[in-house]
Every structure is written in C-alpha cells, then in structure tokens.
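Q: 3D model of this:
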Amino acid sequence: MTTLNATNTTQDIRRWPRLRFSLMTLLLSITFCAVFLGTWQVLTYEPPTDRIPLYEKAPSTRGSWIDVGPNRVGIRLLARNDRDGSIHYENGRGVAVQRLVAKRQQDLVNAAPWLDVAEIEFTPTPDRLDIIEARIFDHKMRTLLSRVDPAFGWRIVEPDVIQVYGLGKKIPAQLDVWLRLQSYAPNSPVTILAPLPKSDCNVAGSTLTLDDIRDGRWSWSKDRLQIPLGEKGATVTAVFKFQGGKGTSERYQIAAVSKTGEKVHTDVPHYLDFSQPSYHRQFPIFFNISLQDLKHFEIRPFGGRHRFFFDSLTLPQVSASPFAQPPTAKVAVAGGEIESQVPAFQPLNVRISTYRGNCADGSGSNFRRIIINRGTATNLNQEFTLVSAVDGVALPLQYRFLKRGTQSFVSGKALSPHVSLATGGPQFAAACKSYLTPLDQIESIELSMPPP
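A: Numbering: from 1, shown residues only. Predicted structure coming up:
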C-alpha cells in the first residue's frame, strides 16, 4: 500500500512557476491585440464585391491611400456643405482636416440650401493623375448611388476632383468611390497637337501628324475617310499618321482637350503602340467631343488606366435642417437659336439649345458623356427643337415657354412635344424635343428641376 507524503507534494507544487498578471499588463495586452487586429483588418480585408460586375474585381483600400502605378493616390480632403452654407472638412475616415479649403468652395456654398454636395479631392497633384471614370456606390447596399435614388449623382469636375450630389436629399453616410484613372510618373512629358489638318508634333523621336479631322463619326476604308455615320456635333473623327524613326517600345496615350479643360480619353484604342508596324501609316481615332469644343490633342506616356476603389469612405455629418426648393431659371430666347449654359443650377452642369424646325434625329450615351444627334431640320417656320442636358444627376428638366409679346405661357397641343427623344446614364440625363410652335413666338424658357 502506497502512502503519499504530504510534505514532499507541497514542496513540488511550490517549485512550479507562478504566473502573475497586473491590471496594467492586462490592459496593455488588450490594447495591443486591438491595434493588431485593426491593422490586420485594414491590410487583409477583402470586400464582398467580386461578384458585383460594376466593381470589376478592382482592388480596394479601407485606408486613406493606395499605391497606383508610380503614385500613392490618397484623399486630400472630403468637404461637404450644410444647409446654412457652412462646410465640413474631413479625410474620409472620420478625422477632421484643418487649414485646407475645397477647390470648388464657392460651388458648395452657393448650392448649400437646395443641394447636398460632397467634394472629394485626391493627391498627388493634377499633373500626375487623370480620372477617366468614377462610379459612386452606396456602401451598405453596394449599389450605384443613382440606382438607390435618382436624386443622387456625381460628376468629375477636375482631373483630381469629384463632386457627389443629393438633390433635396442627404447623400448616404458611407460611399464606395470607384475610379479608373491614369497615373503618371513625375515630369512625365506632355506634347500638344493643334486640331488642324496637317499639324504635327514630335513623339519618341518621330513625327505624329494629324492628317485629317472631321465633325461626326466617319467610316474608314482604303486608308481614307469615306461616309459620314452621324453624331455630328458630338463626336470627332481624327486621322493620324506616324512617320520616321525606328518606333519605340513605350506606350503612349492621346486625349482630346476641350476649351473648358476637360480631357476626353479614347475608348478604342486605350494606348498607341508605336512599336507595331500598323502605326507607321494612317489610322483613325474617334473622340466623344464636338469639333467646336475641341481645343487641342494631348499626347503623353500611357498612364495605365488603373482601376481601384476606396471602400467605405465616411462623409462628414451635417445638420437635420430641411432643404429649400431647387432654383428656377429663366433663359432668354427672343425668337432665336441659342446655346446656353444655365448657371442657376451650378454645380450641376445644365445646358440647353434651341433650333428652328424639327431636327430631332437621335440620341445615345456612354458612361460619362451625352450624345444628342441633330438631323436636317424640317418645318422651319412651324416648329422648334429644344435640346437639354443635365450632368450630375439623372433627372430631367421641366420647361415652360413664355410667348413673345405676352405674359402668358404656351399651353395645350403646342406645348406637348410631338417628337421626344431621351437618353441618360447613372449621373446624367438629356433630351431632344420638337414642339408644334414656331421658334419666333418664344420669348424665354423657364427651367426647373424638382426632386423626385
């Protein structure tokens, strides 16, 4: 029979190491774990967007920056107006930003009573970035903002600045900001080419010549432009010729620059590959811009057309003050053909044009640009055509027409358009309508944009 020795057992227990935790050690351990888990989540988090087509399986960040090509692209500031005209500044992650002012500050102040505006500005400087396309999603729903509510929309206002809008409604508190952009190396060379036939410039030690340029879209056969295919006033067809030198393995891009500074990048091709034999002869490129608005072409090394998104950007909070009604604008016509920007609705980009006769011919759109075709006008003395476009939200304008020499508005059958064409996209709307009234009888047009 075995007897346990109590004394020896007690001594053995005392030899075991004693674990001692102070309250301070416990708190430090918890803090370390929290910081570690937070950092791990930011670095390793994968958003559930791979099966949502419009996200295009783009990489994302929950931080304030992401490495894109040769640049670290980050949020310079996120500014939002309040109904009293005050502006709140944050970094998109809930932290206030000091001593910075929005580039379009006056846009935010002027529209504050009736339009919720969030301005997102990116770094580095604009000469290093070109935003080609932006898609803004409601983060919680992972749905395009304009599909959540047509009162929501957005617009690229500068190469490194996006504005998000809520017409008479607050923008959702958290957004996914998806971008497709060109990212350029420091001191990336820029070459300017005038939009005139036979103008030329030096690219990679060789000569790039603008051999021909036409208004509208044209067919191409046997090394020349053949037949006009429409889109006059909305598209430019340019024929280029690359000559001399041995070519280069570096890719280049070409963009059309408007008189207001907007850059229109090509859908096809994405870049010019001068190492290919096909580029040592003539080739056409189509640009979604009117010939009248074209200032010049810009050629520079290819910026990559990178796509990515900032996941769950947080907007600054604003007050619960109610929205005012959007403004009503009055545009003078005086019986004539006009093309007018409507400043009353800024920062929304609103344009209207009037034409004698029925010239509604067709309409179309892509993700960023509005295309309205005008055909040959008929019934010049019996009808007029109104073309309108809203860039920023996908809401149509409403019109009233004041008769010349009276204080009354056109009514009845003459007010109802007998031809009506419309187009739109996630953040724009356009229309082309012909009315059974002579343009000579129209004194002015009253425009409004009520929230849905």
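Q: Show the model's pLDDT score for Thr354.
A: With respect to pLDDT, Thr354 scores 93.
Q: same question but for Ala34, I mixed them up
A: We have a pLDDT of 62 for Ala34.
Q: ok, now Ser22?
A: Per-residue pLDDT puts Ser22 at 65.
Q: Could you do Thr125 as well?
A: 82.
Q: how about it, what does it touch?
A: Asp160 (CB atoms under 8 Å, 6 or more residues apart in numbering). (Glycine included, C-beta is placed from N, CA and C.)
Q: Roughly how far does the nearest residue to Ser249 once chain neighbours are set aside sit from Ser206?
A: Distance criterion CB to CB, 6 or more residues apart in numbering; nearest residue to Ser249, sequence neighbours excluded, is Ser275 at 5.0 Å. Distance of Ser275 to Ser206, given as CB to CB, to the nearest Å: 11 Å.
Q: out of these two, which sits in the busier spot?
A: Ser206 (17 against 14; other CB atoms under 10 Å).
Q: Low-confidence regions, the stretch 1-150 of the chain specifically.
A: Scanning the stretch 1-150 of the chain for pLDDT under 70 picks out 1-29, 31-47.
Q: What are the boundaries of the helices in it?
A: All helices of the stretch 1-150 of the chain, identified by DSSP state H, counting those that start in this stretch, fall at 6-15, 23-44, 105-111, 145-148.
Q: And the residue nearest to Ser249, how far from Pro186?
A: Ser275 sits 24 Å away from Pro186, taking CB to CB as the criterion.
Q: cool, Leu100 as well?
A: Counting by CB to CB, the gap from Leu100 to Pro186 is 23 Å.
Q: Could you chop this structure up by domain?
A: Domain assignment for the chain by automatic domain parsing gives 53-182+307-314, 191-302, 329-448.
Q: mind putting these in CSV, distance to Ser321 included?
A: Putting the domains of the chain into CSV (distance: least, CB to CB, whole Å) gives the following:
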stretch, distance to Ser321
domain 53-182+307-314, 4
domain 191-302, 33
domain 329-448, 20
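Q: Which of the ones you listed sits closest to Pro322?
A: For those, distance to Pro322 was read as CB to CB. The smallest value, 7.3 Å, belongs to domain 53-182+307-314.
Q: what's the span of the closest one, first residue to last?
A: The first residue of domain 53-182+307-314 is 23 Å away from its last residue (CA to CA, to the nearest Å).
Q: And for stretch 144-164?
A: Across stretch 144-164, the terminal residues are separated by 12 Å (CA to CA).
Q: again with stretch 144-163
A: Span of stretch 144-163 from end to end, CA to CA: 15 Å.
Q: same thing with stretch 217-232?
A: 7 Å.
Q: list the buried ones in that stretch?
A: For stretch 217-232, burial by neighbour count (16 or more other CB atoms under 10 Å) applies to Arg217, Trp218, Leu225, Gly230, Glu231, Lys232.
Q: Show me those that map onto helices.
A: With helices taken from DSSP state H, there is no overlap with those.
Q: and which of those residues is nearest Asn288?
A: Using CB to CB, the buried residues of stretch 217-232 come closest to Asn288 at Glu231, 8.5 Å.
Q: Please verify my assumption that the closest one contacts Trp218.
A: No: counting by CB atoms under 8 Å, Glu231 stays clear of Trp218, with 9.6 Å between them.
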